[in-house]
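>>> please work out how this folds:
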Amino acid sequence: MKTNAVPAVVMLLAGLIDCIASIVQRLSLFDFTRRLLIVLVVFYLLGCAVKLVLDICVIRMADPPEEETGEDEISDRPEETDEGNMTASVDELENIDAQEGNE
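Numbers count the residues shown, from 1 in each chain. Below you'll find the model as predicted:
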């Protein structure tokens, strides 16, 4: 989703609303200009914050988090160690322990 225009749109809409309100209130040119400048700067910063939040949300929605496997879960496949040796899975070790207990 393209969010590059969000700060500008938010700022311009706020500026339009401020202009209409200032005209209705019949402000002097100095007060009108000062208030418009403050509104444009504040709402540009707010628009940047909204853009940042939207970008983060879009990234999170595009890349769903991988399901984390808990440490309690046991893999049925043997795992490789750093040395390249294959280690036995927990099920195999339990079978070996059970066989040794029967002997």
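
>>> scan this protein for its longest helix.
Looking across the chain with DSSP state H, the single longest helix is helix 29-62.

>>> which positions in that one come out as buried?
32, 35-36, 39, 43-44, 47, 50-51 (16 or more other C-beta atoms under 10 Å). Just so you know, the C-beta spots here come from the backbone N, C-alpha and C atoms, and that holds for glycine as well.

>>> which one among those residues gets closest to Thr3?
Thr3 lies nearest to Lys51 out of the buried residues of helix 29-62, by C-beta to C-beta, at 4.8 Å.

>>> my guess is the closest one meets Val6, correct?
Yes - counting by C-beta atoms under 8 Å, Val6 is a contact partner of Lys51 at 4.3 Å.

>>> just give me the neighbour total for the residue lying closest to Val42 once chain neighbours are set aside.
Among residues not flanking Val42 along the chain, Ala14 sits closest, at 7.8 Å (C-beta to C-beta, 6 or more residues apart in numbering). Other residues lying near Ala14 total 18 when counted by other C-beta atoms under 10 Å.

>>> quick one, what contacts Ala14?
39-40, 42-43 (C-beta atoms under 8 Å, 6 or more residues apart in numbering).

>>> helix, strand or coil for it?
Classification of Ala14 using DSSP: H, G, I helix; E, B strand; the rest coil returns helix.

>>> pLDDT weak spots in this structure?
Filtered on pLDDT under 70, the chain yields the residue ranges 65, 67-103.

>>> how about a cut-off of 90?
For the chain, residues meeting the criterion pLDDT under 90 lie at 1-3, 58-103.

>>> I'd like the distance between Val42 and Asp63.
33 Å (C-beta to C-beta, to the nearest Å).

>>> just Phe43 next, same as before
As judged by C-beta to C-beta, Phe43 and Asp63 stand 31 Å apart.
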